[in-house]
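Got a sequence here, can you build the structure:
(one chain, ligands or ions: 1)
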Amino acid sequence: MRPIIPDYLAEVLGEVEPDVSGAPAAYIPELAGADPERLGVALATVDGQVYGVGDVDVPFTIQSISKPFAYALALADRGFAPVLAKVGVEPSGEAFNEISLEHGTGRPLNPMINAGAITTHSLTAAADSGPAERVERVIEGLSAFAGRPLAVDEKVCASELAHAHRNLAIAHMLRSHDVLTQDPAVTVEGYTRQCALLVTTRDLAVMAATLANRGVNPVTGEQVVTEKVVRQVLSVMFSCGMYDAAGDWITQVGIPAKSGVAGGLIGSLPGRIGIATFSPRLDHHGNSVRGVSLFERLSSDMGLHLMGVPPTARAVLRSHHTTGTPPHAVRVLDLQGGIGFAEAERVVREVQNTTPAENRIAIDLTRVHSIDDVARRMILEITRRLTLDGHDVYLVDPETTLPDPDPGDGGHVTVVRETGEAVTAPARDTDGAPS
Ligand code: GLU
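This is a model prediction of the structure:
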């Protein structure tokens, strides 16, 4: 059989290929010379499957795509409060290299614009470490996200440093506000090395998938940062990741993302997938033209928009029926799928609207594959209240999908492997012990 997903990706690449609008970034001379025809797309699933089509193994510099990952490292190394005290989380609506800081505090608005990213770089590694250790920490940390050792493109780095007047101006301004406490030139050099790390589209897909996978690299299995850090990073990517085109991006693509001026673009869909594209021609915002088109197409074809409404919670209740004969009739609520708040609410409503006449009630979780914490507590509260109303409550849970089934005060639940056991179980006395 021909491989289905690579065939699909090749078809999508073929569609965007004729678009030669835009131009490679010119403000870094080395980048201006990049081959503009390069084009690649890669997907990495949260269980470590990587699909790539086109120029997915061609190395290019990561540039601004390093920003969310360095932000993750700063949060991990210094903690949330010290980082948030220095870098905000508000979308700026301005270009990536705008010289703008928050009024009053002098804080950069967010870690995705250069002012925020230069500050973030200074907050990586331990507080008492020197510039070389910070660069080392960033390289080691980004390599862990990629799942292989990354190296700096010294030519691009030198080329950017020779023209880094604007970033130097930003760093000096940050220093004047004491947001930056280290030497501005040295910090810009470290930040520029971070931007000059070489990655492939395949690496970027794995890095994005590590964010999608709660901070665990799905290929190496390494927990690179905590889930809490990942949530912060993805939130900021969602609102600030696409330079001054963030609003357009959220409405049309709806995936937390980050682009870089070398032509890379990543998207990370929590719990689902990491996506990366590469095409060096940029639009006037600095985003890859064909990369944006690819993401628009993938998001729409694959239903990836985060604001897309998930399948309705109604489906949680597979059936509601009675089994056995009185006095041992059992009212069975047969549930299915994954249960979160919306699904558990549907079950609560069903129980409340149709007060069961039967003494025995079984909640059948055999076809349920997951229950989140709030849903677990809601289901246990249903069992507690049913007990208080005088029912004998059974949880049919052969795979222990609902762990630690303690309904609390006055509740009692008997866990069985199949509904038949609820029919044949001895009746309980009012003290809650089987009689
Ligand atoms: N190194 C680049 C800069 O700071 C990164 C810019 C980008 O990719 O947006 O100008």
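
got the CA positions of the helix or strand of the chain with the lowest mean pLDDT in CSV?
Within the chain, no helix or strand scores below helix 29-32, which has a mean of 83 by mean pLDDT, DSSP states H and E. Output of helix 29-32 as CSV, limited to C-alpha atoms (Å, rounded to 0.1, in the frame of the first residue of the first chain):
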residue,chain,number,x,y,z
PRO,A,29,23.2,39.1,4.5
GLU,A,30,23.8,35.3,4.9
LEU,A,31,20.1,34.6,4.9
ALA,A,32,19.5,36.7,1.8
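
Would you mind pulling the contact partners of it?
24-26, 61, 153, 155-156, 159-160, 162-163, 261-262, 280 (Cβ atoms under 8 Å, 6 or more residues apart in numbering). C-beta coordinates here come from the backbone N, C-alpha and C atoms, glycine included.

same question, stretch 270-277
If you take Cβ under 8 Å, 6+ apart as the criterion, stretch 270-277 is touched by 40-46, 201-214, 234, 255-256, 264-269, 288, 290-291, 294-295, 298, 304, 306.

Next, check the residues you listed against the helices and list the overlap.
201-212, 234, 290-291, 294-295, 298 (DSSP state H).

Now that we have those residues, which of them are buried?
With burial judged by 16 or more other Cβ atoms under 10 Å, the buried subset of these is 201-212, 234, 290-291, 294-295, 298.

Show me which residues of the protein are close to the ligand?
63-64, 96-97, 114, 160, 167, 195, 260-261, 286 (Cβ under 6 Å from any ligand atom).

let's see it at 5 Å
For the chain, the contact set with the ligand under Cβ under 5 Å from any ligand atom comprises 63-64, 96, 114, 195, 260-261.

Helices of the stretch 1-150 of the chain, residue ranges please.
Taking DSSP state H, counting those that start in this stretch to define them, one finds helices in the stretch 1-150 of the chain at 4-16, 29-32, 66-78, 80-86, 114-122, 131-146.

The ones you listed: which one's closest to Val230?
helix 66-78 (7.1 Å; Cβ to Cβ).

The closest one versus helix 114-122: what angle between them?
40 degrees (axes from the mean of the first three to the mean of the last three Cα atoms, to 10 degrees).

just checking, what packs against helix 66-78?
Contacts defined by 3 or more Cβ pairs under 8 Å, 6 or more residues apart in numbering; DSSP states H and E place helix 66-78 against helix 80-86, helix 114-122, helix 131-146, helix 184-195, helix 201-212, helix 227-240.

wait, what's in contact with the closest residue to the ligand within the stretch 301-435 of the chain?
Of all residues in the stretch 301-435 of the chain, the one sitting closest to the ligand is Leu306 (23.0 Å; Cβ to the nearest ligand atom). Counting by Cβ under 8 Å, 6+ apart, Leu306 makes contact with 238, 254-256, 269-270.

what do you get for Pro218?
Counted by Cβ under 8 Å, 6+ apart, Pro218 has contacts 44-48, 206, 209-210.

Please report phi then psi for the closest residue to it other than its chain neighbours.
Take Pro218 and drop its neighbours on the chain: the residue closest to it by Cβ to Cβ, 6 or more residues apart in numbering is Gly48, 4.0 Å away. When read as degrees, to the nearest 10, the backbone of Gly48 gives phi 90, psi 10.

give me the number of residues near Gly48?
16 (other Cβ atoms under 10 Å).

So it is in contact with Val219, correct?
Yes: with contact defined as Cβ atoms under 8 Å, Gly48 and Val219 form a contacting pair (4.8 Å).

And the contacts of stretch 329-347?
Outside stretch 329-347, the residues that reach it (Cβ under 8 Å, 6+ apart) are 313-324, 350-351, 356-358, 360-372, 374-375, 378-379, 382, 394, 396, 419, 422-423.

picking that back up, between the helices of the stretch 1-150 of the chain, which gets the lowest average pLDDT?
When the helices of the stretch 1-150 of the chain are compared on mean pLDDT, helix 29-32 scores lowest, with a mean of 83.

mind listing the strands for this protein?
40-45, 50-54, 60-61, 198-199, 257-259, 264-269, 273-278, 317-323, 330-339, 360-371, 392-396, 413-416 (DSSP state E).

Can you tell me which of those is nearest to Ala171?
strand 60-61 (19.7 Å).

hmm, back to that, just the buried ones from the contacts of stretch 329-347?
313, 316-318, 323-324, 350-351, 356, 358, 360-366, 368, 371, 375, 378-379, 382, 394, 396, 419, 422-423.

Format the strands of the chain as TSV; extra columns: mean pLDDT.
Formatted as TSV, these follow (pLDDT from 0 to 100):
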stretch	mean pLDDT
strand 40-45	97
strand 50-54	97
strand 60-61	97
strand 198-199	98
strand 257-259	95
strand 264-269	97
strand 273-278	97
strand 317-323	92
strand 330-339	94
strand 360-371	96
strand 392-396	96
strand 413-416	96
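
Quick one: closest of these to Pro184.
Closest among those, once you apply Cβ to Cβ, is strand 60-61, at 22.0 Å.

For this structure, give me the ranges with low pLDDT.
311-314, 429-435 (pLDDT under 70).

Packed most tightly, which of the helices of the stretch 1-150 of the chain would that be?
Mean neighbours per residue, mean count of other Cβ atoms under 10 Å, is largest over the helices of the stretch 1-150 of the chain for helix 114-122, with a mean of 28.

if we can go back for a sec, go through the strands of the chain and name the closest to Ala81.
strand 257-259 (24.0 Å).

can you give me how far that closest one is from the chain middle?
12 Å (Cα atoms, centre = their mean, to the nearest Å).

Could you list the residues in contact with it?
Contacts for strand 257-259 (Cβ under 8 Å, 6+ apart): 64-65, 67-68, 112, 237-238, 241-243, 249, 265-268, 286-288, 291, 295.

Just put the helices of the stretch 1-150 of the chain in JSON lines and tack on distance to Thr226.
Converted to JSON lines, the helices of the stretch 1-150 of the chain look like this (distance: least, Cβ to Cβ, whole Å):
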{"stretch": "helix 4-16", "distance to Thr226": "31"}
{"stretch": "helix 29-32", "distance to Thr226": "34"}
{"stretch": "helix 66-78", "distance to Thr226": "7"}
{"stretch": "helix 80-86", "distance to Thr226": "11"}
{"stretch": "helix 114-122", "distance to Thr226": "17"}
{"stretch": "helix 131-146", "distance to Thr226": "13"}
